[in-house]
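1. Fold the following, please.
(one chain, ligands or ions: 2)
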Amino acid sequence: MKTVAIAGSTGSIGTQTLEVLAADPDRFRVIALTAGSSWEAVAQQASLVRPDTVILDDGANAERLRAAVPKGTTVAVGENALREAVAEADVTINGIVGFAGLPATLACLGSGKRLGLANKESLIAAGPVVQRARRTVGAELVPVDSEHAAIHQCLRSNDVAERVMRLQITASGGPFRGMTKAELMEVTVAGALAHPTWAMGPKITVDSSTLMNKGLEVIEAVELFGAPAGQHGYGLGFDDIDVVVHPQSIVHSMATFSDGSTIAQLSNPDMRGPIGYALAFPDRLDHPFGGMDWTEPLTLTFEPPDREAFPCLDLAFAAGRIGGTAPAWLSASNEVAVEAFLDGRIRWSEISAIVAEVLTFHDGGTGETLEDVLDGDHHARRLATEAVLQRS
Ligand code: NAD
Ligand code: MG
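-> Ligands and ions are numbered 1, 2, ... in the order given. As a prediction, the model looks like this:
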């Protein structure tokens, strides 16, 4: 039986992970749940799955949680407790949102265990540091992000790394697809949160509306699959990745080979599929989350993204090409701007403006050490907070 830790268990990825595990109770056992501050939600989850440990990042309600968890479950607070719990599990699903997910990513890979990674921000912000942790004996990174889980599956059809030429990352286009720049000046928080095909947490939903999510995913793809052939990668860079808008969200991404063949992975938009893939790999789940009915009529469409109306996409390509801590700056300034947008302090169009402004100050940090990454994150957050204040 595989033991599982869920980092960010109360969120969209976390709760869907629990659904996948509940469908196969003989195969997996949850040993740890972690959450930011939502103690009531995590207490309820603990009463159902009876984990060994529940960990809160914010300890203000730890005593209340202690009184609410079942007998045999220990409550702990903070990063050290999280590290210990993650080190113990065979698989950790990291469903924490934002840069706060970095300790779970590093603890899991650094203990030589499997990481099912939904928290793309940790890989994007701390690329070189995560890559080093990934080289720990036994460490394994299986993506949960649906596009990367799709590419991971497409690449299994192929034995010669040098024959992978390009990756196509699909995007739904979000709720504002087809809008002009002028129309985009008027969009609201409610509009940004109304995603046409996926139900997700608020931060990634806003990122989908700006196409920053796709930009982050391009950087994520280079981190996951870009290493030279022979070093577990496919020698792919930013020039080898196409972003393809596909409003139906059925084709989750594709890989194109040297003979002109393109392999795609298709299923209904249901994150339980990629979560289950990361849990069961190299085997597969025995439950068809997202399974398609191919006897029904279906039309799939593809179009290029509107890079001018959605500047976040090219800001991410630019930051990825600069490398070092530039992706950390991109991601941190975006987190600050998205939070300000969700709070009604700035307009939607100001998210990309703030990220662009902050990136002009990038100081050339290399991001080789954790300290450099933390400094970069901190610096970019401070600049983004000032940029928000100037506008609100
Ligand atoms: P969410 O907002 O629904 O949930 C976030 C979780 O993180 C919650 O459990 C929260 O308690 C926890 N958390 C927040 N701050 C924390 C902190 N400081 N320390 C510890 N835990 C903290 O977010 P989500 O939509 O589930 O997304 C989680 C991650 O997965 C993001 O990186 C997102 O980009 C990625 N992702 C999500 C989906 C999806 O369908 N939701 C799809 C692909 C990728
Ligand atoms: Mg995705």
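2. tell me the SS of whichever residue of the stretch 251-392 of the chain sits closest to ligand 2?
-> Taking C-beta to the ion as the measure, the point where the stretch 251-392 of the chain comes nearest ligand 2 is residue 252, at 8.2 Å. Heads up, the C-betas are built off the backbone N, CA and C, glycines and all. In three-state terms, and counting by DSSP: H, G, I helix; E, B strand; the rest coil, residue 252 is strand.
3. For it, give me its contacts.
-> Residue 252 is in contact with 146, 147, 149, 150, 170, 264, 265, 266, 267, 274, counting by C-beta atoms under 8 Å, 6 or more residues apart in numbering.
4. Run through the residues of the stretch 101-250 of the chain sitting next to ligand 2.
-> 145, 146, 147 (C-beta under 5 Å from the ion).
5. Would you mind measuring from the residue of the stretch 251-392 of the chain closest to ligand 2 to residue 145?
-> 9 Å (C-beta to C-beta, to the nearest Å).
6. Could you give the number of residues near residue 25?
-> Applying the criterion other C-beta atoms under 10 Å, we find 11 residues in the vicinity of residue 25.
7. per-residue pLDDT, it?
-> According to the per-residue confidence, residue 25 scores 91 in pLDDT.
8. Quick one: classify it as helix, strand or coil.
-> The assignment at residue 25 comes out as coil when based on three-state DSSP.
9. can you check residue 32 too?
-> Of the three states, residue 32 takes strand according to three-state DSSP.
10. Which residue is it, in the stretch 251-392 of the chain, that comes closest to ligand 1?
-> Distances from the stretch 251-392 of the chain to ligand 1, computed as C-beta to the nearest ligand atom, single out residue 271 as the nearest residue at 4.3 Å.
11. That residue contacts residue 19, doesn't it?
-> No: with contacts counted by C-beta atoms under 8 Å, residue 271 stays clear of residue 19, the gap being 9.6 Å.
12. and those two? which has more neighbours close in?
-> Under the neighbour definition other C-beta under 10 Å, residue 271 and residue 19 were set side by side, and residue 271 has more, 24 against 14.
13. The nearest residue to that one once chain neighbours are set aside is in what secondary structure piece?
-> Excluding the flanking residues, the one nearest residue 271 by C-beta to C-beta, 6 or more residues apart in numbering is residue 16, at 5.2 Å. Residue 16 is part of helix 12-22, with elements assigned from DSSP states H and E.
14. Any residue of that helix touching ligand 2?
-> No: using C-beta under 5 Å from the ion, no contact is recorded between helix 12-22 and ligand 2, whose separation bottoms out at 10.8 Å.
15. Export that helix to CSV, keeping only CA atoms.
-> Taking only C-alpha atoms (Å, rounded to 0.1, in the frame of the first residue of the first chain), the coordinates of helix 12-22 have been written out as CSV:
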residue,chain,number,x,y,z
SER,A,12,-9.2,22.4,-5.1
ILE,A,13,-6.4,20.0,-5.9
GLY,A,14,-6.3,18.7,-2.3
THR,A,15,-10.0,17.9,-2.1
GLN,A,16,-9.9,16.2,-5.5
THR,A,17,-6.9,14.2,-4.4
LEU,A,18,-9.0,12.9,-1.5
GLU,A,19,-11.7,11.9,-4.0
VAL,A,20,-9.2,9.9,-6.1
LEU,A,21,-7.9,8.2,-3.0
ALA,A,22,-11.4,7.4,-1.7
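16. just checking, what packs against it?
-> When contacts are defined as 3 or more C-beta pairs under 8 Å, 6 or more residues apart in numbering; DSSP states H and E, helix 12-22 sits against strand 2-7, strand 28-35, helix 39-49, strand 91-94, helix 272-280.
17. can you list contacts of it?
-> Residues from elsewhere that reach helix 12-22 (C-beta under 8 Å, 6+ apart): 4, 6-9, 28, 30, 33, 35, 45, 48-49, 93, 95, 118, 144, 199-201, 271-272, 275-276, 279, 285, 287, 289.
18. rerun that using 7 Å as the cut-off
-> Around helix 12-22, the neighbours that count as contacts under C-beta atoms under 7 Å, 6 or more residues apart in numbering are 4, 6, 8-9, 28, 30, 45, 49, 93, 95, 118, 144, 199-201, 271-272, 275-276, 279.
19. what's residue 39 in contact with, if anything?
-> With C-beta under 7 Å, 6+ apart as the criterion, the residues that contact residue 39 are 56, 61, 64, 65.
20. Return the members of those classed as buried.
-> Among these, the ones that count as buried by 16 or more other C-beta atoms under 10 Å are 56, 61, 65.
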